[in-house]
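K.L.:
any chance you can model this:
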Amino acid sequence: MATEIELGAGVDCGAFVMRSKFAEMSEEALRGALEKIIRDTPFLMDTLTHARAMDLPDCWLVSGAIYNRVWNHLTDRPARFGIKDLDLFYFDQDTSWEAEDAVIKRAAKLFANDPPVEVRNQARVHLWYEKHFGTPYPALKSSREGIDRFACKTHAVGVRLRADDRFEVYAPYGLADIFALRVTPNPLLDNRATHEAKAARQVKLWPELTIIPWP
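P.N.:
Numbering: from 1, shown residues only. This next block holds a predicted model:
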């Protein structure tokens with residue numbers, strides 16, 4: 001994207017008001033706001049509860065299910081609007097396809113089909129990434145490292161539910177971009193094409209977004 005996409009004419013100003021409200025909040029306050037939004041969303045709580053029951057190593061609900069839900073809250077859209085699927089990361093040193101397939105089949109029996117839940121072992125990503133995307137991908141050491149490498153800093157967020165029902169949030173670049181309705185690139189890897197493709201899709205669904213171009 002050559003230029004930054006600003007709040008467009010004709011867009012409901014409610015989102016601008018909400019964005020201004022959260023802009024004044026600390027990171028800790030934003031984490032509290034995120035937790036409240038998720039706890040008030042039954043399909044996300046069901047997913048987190050079932051994910052905890054699976055007891056997978058280093059398991060997180062990540063990315064779109066989280067930031068899309070926040071955007072829908074900020075722009076007064078239905079909770080499920082724009083959410084294609086729910087992504088669960090886990091990290092298992094057993095990188096065989098058979099082990100991951102067994103987890104996928106377990107998940108299929110546990111989670112609802114709508115929206116679909118995709119469970120993927122992050123320890124295997126480097127084995128298939130180049131074939132699918134054309135560039136090598138260094139092996140990950142954890143699910144969190146996979147979140148660190150997302151093409152957009154805004155998308156780099158994961159949450160999980162602890163045994164005592166407390167929330168754990170992993171947001172290496174903070175939550176400010178999510179609540180500011182701002183999609184910011186992450187140049188940690190050469191992910192320009194992915195950043196631009198995701199941004200183009202998302203701004204059509206949420207025209208209130210500001211898209212920061214790849215540096």
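
K.L.:
now the residue nearest the centre of the chain: how far from residue 130?
P.N.:
Centroid check for the chain by Cα atoms, centre = their mean gives residue 63 as the closest residue, at 0.6 Å. Relative to residue 130, residue 63 is positioned 21 Å away (criterion: Cβ to Cβ, to the nearest Å). For glycine as for every other residue, the C-beta is placed from the backbone atoms N, C-alpha and C.

K.L.:
again with residue 208
P.N.:
Residue 208 is 36 Å from residue 130, by Cβ to Cβ.

K.L.:
the more surrounded of these two?
P.N.:
residue 208 (21 against 11; other Cβ atoms under 10 Å).

K.L.:
any chance you could map the helices in the chain?
P.N.:
For the chain, the helices defined by DSSP state H occupy 14-23, 27-39, 42-54, 64-74, 97-110, 125-133, 143-148, 176-179, 192-205.

K.L.:
so which of those gets nearest residue 116?
P.N.:
helix 97-110 (9.3 Å; Cβ to Cβ).

K.L.:
in the protein, what helix or strand scores lowest on average pLDDT?
P.N.:
helix 14-23 (a mean of 64; mean pLDDT, DSSP states H and E).

K.L.:
what's the burial count for residue 180?
P.N.:
Counted by other Cβ under 10 Å, the residues lying close to residue 180 total 19.

K.L.:
and residue 144, what is it in contact with?
P.N.:
58, 60, 158, 170, 172 (Cβ atoms under 8 Å, 6 or more residues apart in numbering).

K.L.:
hmm, 6 Å instead?
P.N.:
residue 170 (Cβ atoms under 6 Å, 6 or more residues apart in numbering).

K.L.:
if I look at it, how far off is residue 192?
P.N.:
23 Å.

K.L.:
go on, residue 171?
P.N.:
22 Å.

K.L.:
do the same with residue 210
P.N.:
From residue 210 to residue 192 the distance is 18 Å (Cβ to Cβ).
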